[in-house]
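Novice: return a 3D structure for these sequence lines:
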Amino acid sequence: MTAGTADVTWTPRRIRKTALTTMIVLLFAYAVDYIDRFSISMALPSIGQEFGLGKTAQGLLVTVFALVYMVSQIPAGFLADRYGARRPMLITLVLWSVFTAATGTAGTFGMLLVIRGLFGVCQGCFPAASLKAVSERTTPANRATATGVVLSASGIGAGLAPLIVGPLLMAVGWRHTFFWIAGCGAVIGIAMWAMLPRALPEHLSRLPREVAPTPEISRVQVLKSLHVWKFALLFCVMNMLGYGLVTWVPSYLIEDRHLSMDQTGVLAAIPMLVSIGTTILGGWLFDRYFHDRARWYLVSIATATVVLLVLMVSASSTTEFTVYETLASGVFSMAMMCIFGLPFRVLPPALIGVGSGVMNFGGQVAGVIAPVAMGWLADKFSYGAAFGFLIGTTLLTVVIAFWVPQNAAQFTFPGAQGGKPVLAPAENR
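Specialist: Numbers count the residues shown, from 1 in each chain. Below is the predicted model:
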């Protein structure tokens, strides 16, 4: 029994309330996370003008964050499993707001890179702890739905960031914009953290009826699991699209389409806001229909996304570009739970920290590669070439879909009874 739960009667209604409250709390916390993170994309043109930076150098501001964010993922997973979810979340919520504010004080480009790196360390400790919090407060049957709701905050943050940051940039400049965002983020983040409910007992949060890993499996075995790393690679290629669009669409609309900052904010927000609903829908579909047959679901979605991206790149008007971008983002967001759904069903909650750390590590490799690669392509060729990079990575998703495990019976761990999963006790089957 999880500590602190012995005095609670866990009725179905209480279990559902715990899951719902957790989803809402972490949805808001993640929204703050993404607004703080993506605000730099709207500020890139202003920062580039002040420091005399080309697009490749501007991309480095996103990449340096992503690089240290990526490196932090696996250590953060071990910390979350060792110390629980609450403490790491509180510390990181406060510290990343501090470094958001510090972004506005940078006097040189080098200092700005250092501050964004420290910001990345702080935010890098949040995902493993927050996903562990979800796994401890939901049952396996609704975990993908809950995770989909929480991760839909990427759409909220990326959608609200242009609407919030655009007017602030015009009113107070890029430096003071980061001061405002930091203050609001700290207040909202701490308030949301204080509302997080207690965890479910372990027997409710673990897989009861399907094939499950042995309880003796260790964090090191999770870390060495080829199947966990396959999902990390899948997250990498899928995350290229999100990082690429969020980083470079605002600059494209301002520089190639000659839109104002406020017009850019609105158009950049639309695809991200649409992805909120489709991410949640994708989590529900995974739980309801595709948790044992995600391959063709993912392949179909990725193929449709490639077609929409081709249409986006060849669009002749700003409206047409935005329509196809919105459709591509919305459709592809439905596949997000193909990354987390199966591992989060199979891994025991006590090991979700390190498991999610490995997968998030893979996802953040995309944040290291996509901004600079697309910035270089835009500098050397055109924005069309930069967005063509995203077509290639989305096609790669189709290939990897045929390589990852499809159900719990295929999910193995080295050293766990010959590397094979074991059945749950008979009384639970």
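Novice: which residues of the stretch 151-300 of the chain fall in helices?
Specialist: 153-194, 202-205, 219-224, 226-255, 261-285, 294-313 (DSSP state H, counting those that start in this stretch).
Novice: run the chain-centre distance for the longest one.
Specialist: Between the mean C-alpha point of helix 153-194 and the mean C-alpha point of its chain there is a distance of 18 Å (C-alpha atoms, centre = their mean, to the nearest Å).
Novice: that one vs helix 261-285, what angle?
Specialist: 80 degrees (axes from the mean of the first three to the mean of the last three C-alpha atoms, to 10 degrees).
Novice: wait, which of the helices of the stretch 151-300 of the chain is closest to residue 117?
Specialist: Residue 117 sits nearest to helix 153-194 of all the helices of the stretch 151-300 of the chain, at 15.4 Å, using C-beta to C-beta. For the C-beta atoms, the positions are set from N, CA and C on the backbone; glycine is no exception.
Novice: quick one: that closest one to helix 226-255, angle?
Specialist: Going by the same axes, to 10 degrees, helix 153-194 makes 110 degrees with helix 226-255.
Novice: same for helix 153-194, what does it pack against?
Specialist: In terms of contacts (3 or more C-beta pairs under 8 Å, 6 or more residues apart in numbering; DSSP states H and E), helix 153-194 is packed against helix 12-51, helix 86-103, helix 226-255, helix 261-285.
Novice: I'd like the mean pLDDT over that helix, please.
Specialist: Mean pLDDT, computed over helix 153-194, is 78.
Novice: helix 12-51 and that helix, what's the angle between them?
Specialist: 110 degrees.
Novice: that older thread, right, so of the helices of the stretch 151-300 of the chain, which gets closest to residue 353?
Specialist: Short answer: helix 219-224, nearest of the helices of the stretch 151-300 of the chain by C-beta to C-beta, at 8.1 Å.
Novice: hey, where'd the helices end up in the stretch 301-429 of the chain?
Specialist: 318-333, 337-346, 352-380, 383-401.
Novice: buried residues, stretch 389-404. List them.
Specialist: 389-391, 393-394, 396-398, 400-401, 404 (16 or more other C-beta atoms under 10 Å).
Novice: closest to residue 354 out of those?
Specialist: Nearest to residue 354 among the buried residues of stretch 389-404, with distances taken as C-beta to C-beta, is residue 404, at 18.5 Å.
Novice: farthest pair in the buried residues of stretch 389-404?
Specialist: Every pair of the buried residues of stretch 389-404 checked by C-beta to C-beta; the farthest is 389 and 404, at 22.8 Å.
Novice: and the contacts of the strand or helix carrying residue 130?
Specialist: Residue 130 belongs to helix 126-136 when assigned by DSSP states H and E. Helix 126-136 is contacted from outside by 2, 22-23, 26, 29-30, 33, 73, 76-77, 79-81, 84-86, 88-89, 92-93, 96, 143, 146-147, 150, 196, 199-200, 205, 340, 344, 347, 349, 352-354, 356-357, 360, using C-beta atoms under 8 Å, 6 or more residues apart in numbering.
Novice: any weak-confidence spans in this structure?
Specialist: 1-8, 155, 158-159, 202-216, 291, 407-410, 412, 414-429 (pLDDT under 70).
Novice: wait, residue 34 touches residue 154, no?
Specialist: Yes. Between residue 34 and residue 154 there is a contact at 5.4 Å, judged by C-beta atoms under 8 Å.
Novice: kindly reformat the helices of the stretch 151-300 of the chain as a markdown table containing mean neighbour count and distance to residue 125.
Specialist: Below are those laid out as a markdown table (neighbours: other C-beta atoms under 10 Å; distance: least, C-beta to C-beta, whole Å):
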| stretch | mean neighbour count | distance to residue 125 |
| --- | --- | --- |
| helix 153-194 | 20 | 13 |
| helix 202-205 | 17 | 22 |
| helix 219-224 | 18 | 16 |
| helix 226-255 | 23 | 18 |
| helix 261-285 | 22 | 23 |
| helix 294-313 | 20 | 29 |
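Novice: compare the ones you listed and give me the one nearest residue 321.
Specialist: helix 294-313 (5.9 Å).
Novice: counting by contacts, list what that closest one packs against.
Specialist: Counting contacts by 3+ C-beta pairs under 8 Å, 6+ apart, helix 294-313 packs against helix 318-333, helix 337-346, helix 383-401.
Novice: nearest spatial neighbour of residue 327, skipping sequence neighbours?
Specialist: Spatial nearest neighbour of residue 327, excluding adjacent residues (C-beta to C-beta, 6 or more residues apart in numbering): residue 308 at 4.9 Å.
Novice: identify the residues contacting the one you found.
Specialist: 324, 327-328, 331.
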